[in-house]
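Enquirer: When you get a sec, could you give me coordinates for this:
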Amino acid sequence: MKHHLKRAKRVYDERGLTDLIRATVEYAPIEVNNAIFRLQHGEGTRVMEEDWDTLILLDACRYDMFSERVPIEGELSFRISLGSTSEEFLRQNFEDSQYHDTVYVNANVYFPKVGLDQDRTFHSVIDLLDEWDENLEIAHPETVTEAAKKAHEQFPNKRVIVHYMQPHIPFIGERGRTITEEADNRNAWVPFRDGNRPTSIDELWTGYNENLDLVFEYVKELLNEIYGKVVISADHGNMVGERQGPLPTKRMFGHPWGVYSEELVKVPWFVINGKRRTIRSEPPTGDHSTDTHSEDLVEQRLRTLGYKE
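Expert: Numbers count the residues shown, from 1 in each chain. Now for the predicted structure:
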């Protein structure tokens, strides 16, 4: 409830009372569905309460696509995420807390937007917002992998969270980039939300799966360089034309805020057991590179991903 009230306040501050009322009415059946979903599945998993040495997050990765395509040996189960967007996931898992035994390697734009590390939430943050591939307009998984290797070397006695952006849009594979061009939008979900069909839903899945296959290759490379108990999971999933139920809603594409369904919040929990690391909590370092990001840069990156008008 706390984060829903914060969200309502932001809608009111940014868009006014009329839009707040409109959003409230639109979300009424969604909130009923959410309540039913939570009764069936519980409130969800707080990732910091789970047992792992390295947590690899694949942004916007559905459980079903992961289970069909994972090329790595391990034990697969699932968890229910605390949010259907990165913003929700980050706020619900980390806000107003301190994890000084943990280093966060981050490629997600919402991390500095949420302002998590202003109070030194983590021991150290290695933020990659400035390391975007200008052609792809996203942090390449190779960049994240190299930063994650260095983090494990520099902080051998810390838990490490590695937050890749793939399979989240934009699609960066060869076929996926063609699909994006056909959609004429970096956010390939937007035309479908607007009722247009520049390509087929099958083609959307092609670009989405291609992004996952690409990031898996870099995850395998990282796994060859680190040790400890590793979990691969996701912050949330995506809707690809499904409806939330049991009350009927419109078909959804992407990951709308505050919508709880299996497509959006059932995420993989893939465990790779290894020799455990000895973890120690220590005061935060001076290396918190989110401090250097201007609000303009963050907003620019969000617009690039299709989150801002």
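Enquirer: List the residues that contact the residue nearest the centre of the chain.
Expert: Against the mean C-alpha coordinate of the chain, by CA atoms, centre = their mean, the closest residue is Asp59 at 3.5 Å. Contacts for Asp59 were tallied using CB atoms under 8 Å, 6 or more residues apart in numbering; they are Ser86, Ala107, Asn108, His163, Tyr164, Met165, Gln166, Pro167, His168, Ala234, Asp235, His236. From N, CA and C alone the C-beta is placed, and that goes for glycine too.
Enquirer: Could you look up the SS state of the closest residue to it other than its chain neighbours?
Expert: Closest residue in space to Asp59, ignoring its immediate chain neighbours: His168 at 4.1 Å, by CB to CB, 6 or more residues apart in numbering. Here His168 is coil, with the state taken from DSSP: H, G, I helix; E, B strand; the rest coil.
Enquirer: give the contact list for His168.
Expert: His168 neighbours (CB under 8 Å, 6+ apart): Asp59, Ala60, Ile138, Asn211, Leu305.
Enquirer: Kindly provide the distance from it to Lys250.
Expert: 22 Å (CB to CB, to the nearest Å).
Enquirer: What of Ala234?
Expert: Applying CB to CB, the value for Ala234 to Lys250 is 24 Å.
Enquirer: Arrange the contacts of His168 in CSV, one row each, with distance to Lys266 and secondary structure as further columns.
Expert: Output for these, formatted as CSV (distance: CB to CB, whole Å; DSSP: H, G, I helix; E, B strand; the rest coil):
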residue, distance to Lys266, secondary structure
Asp59, 15, coil
Ala60, 13, coil
Ile138, 25, strand
Asn211, 19, helix
Leu305, 23, coil
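Enquirer: rewinding a little: just flag the most distant two among the contacts of Asp59.
Expert: Farthest pair in the contacts of Asp59 (CB to CB) is Ala107 and His236. Separation: 15.2 Å.
Enquirer: which secondary element of the protein has the worst mean pLDDT?
Expert: Between all helices and strands in the chain, the lowest mean by mean pLDDT, DSSP states H and E belongs to helix 2-15, at a mean of 55.
Enquirer: Bridged to the residue lying closest to Ala148 once chain neighbours are set aside, which residues?
Expert: Spatial nearest neighbour of Ala148, chain neighbours left out: Val162 (4.4 Å); criterion: CB to CB, 6+ apart. Beta-bridge pairing for Val162 (DSSP bridges): Ile56, Val105.
Enquirer: how about the strands in the protein?
Expert: Remark: strands assigned in the chain by DSSP state E are 54-58, 75-80, 99-106, 122-127, 159-164, 230-233, 239-240, 253-254, 266-272.
Enquirer: Make CSV out of those strands and add mean neighbour count and mean pLDDT.
Expert: Output for the strands of the chain, formatted as CSV (neighbours: other CB atoms under 10 Å; pLDDT from 0 to 100):
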stretch, mean neighbour count, mean pLDDT
strand 54-58, 25, 98
strand 75-80, 15, 98
strand 99-106, 23, 96
strand 122-127, 24, 94
strand 159-164, 26, 98
strand 230-233, 24, 98
strand 239-240, 21, 96
strand 253-254, 21, 94
strand 266-272, 21, 98
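Enquirer: I'd like to know which of the ones you listed lies nearest to Thr206.
Expert: strand 239-240 (11.1 Å).
Enquirer: ok so, going back, what's the ChimeraX syntax to select whichever of the contacts of His168 are buried?
Expert: Selecting only the buried entries of the contacts of His168 in ChimeraX, with 16 or more other CB atoms under 10 Å as the criterion:
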select :59,60,138,211,305
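Enquirer: Lowest pLDDT pick from the contacts of His168?
Expert: On pLDDT alone, Leu305 ranks lowest of the contacts of His168, at 68.
Enquirer: centre of the chain versus stretch 244-260, how much separation?
Expert: Offset of stretch 244-260 from its chain centre (CA atoms, centre = their mean, to the nearest Å): 17 Å.
Enquirer: can you list the residues that contact that stretch?
Expert: 4, 7, 27, 29-34, 36-38, 60, 84-85, 87-88, 169, 187, 189-190, 192-193, 204, 236-243, 261, 264.
Enquirer: What count of nearby residues applies to Met48?
Expert: Residue crowding around Met48 was assessed by other CB atoms under 10 Å; the count is 15.
Enquirer: The nearest residue to it once chain neighbours are set aside and Glu50, how far apart?
Expert: With sequence-adjacent residues excluded and distances taken as CB to CB, 6+ apart, Met48 is closest to Tyr99, at 6.0 Å. According to CB to CB, Tyr99 and Glu50 sit 13 Å apart.
Enquirer: Arg277 now?
Expert: In this view, Arg277 and Glu50 are 15 Å apart by CB to CB.
Enquirer: what's the answer for Lys220, then?
Expert: Computed as CB to CB, the Lys220 to Glu50 distance reads 22 Å.
Enquirer: One more: Ser97?
Expert: Distance from Ser97 to Glu50, by CB to CB: 14 Å.
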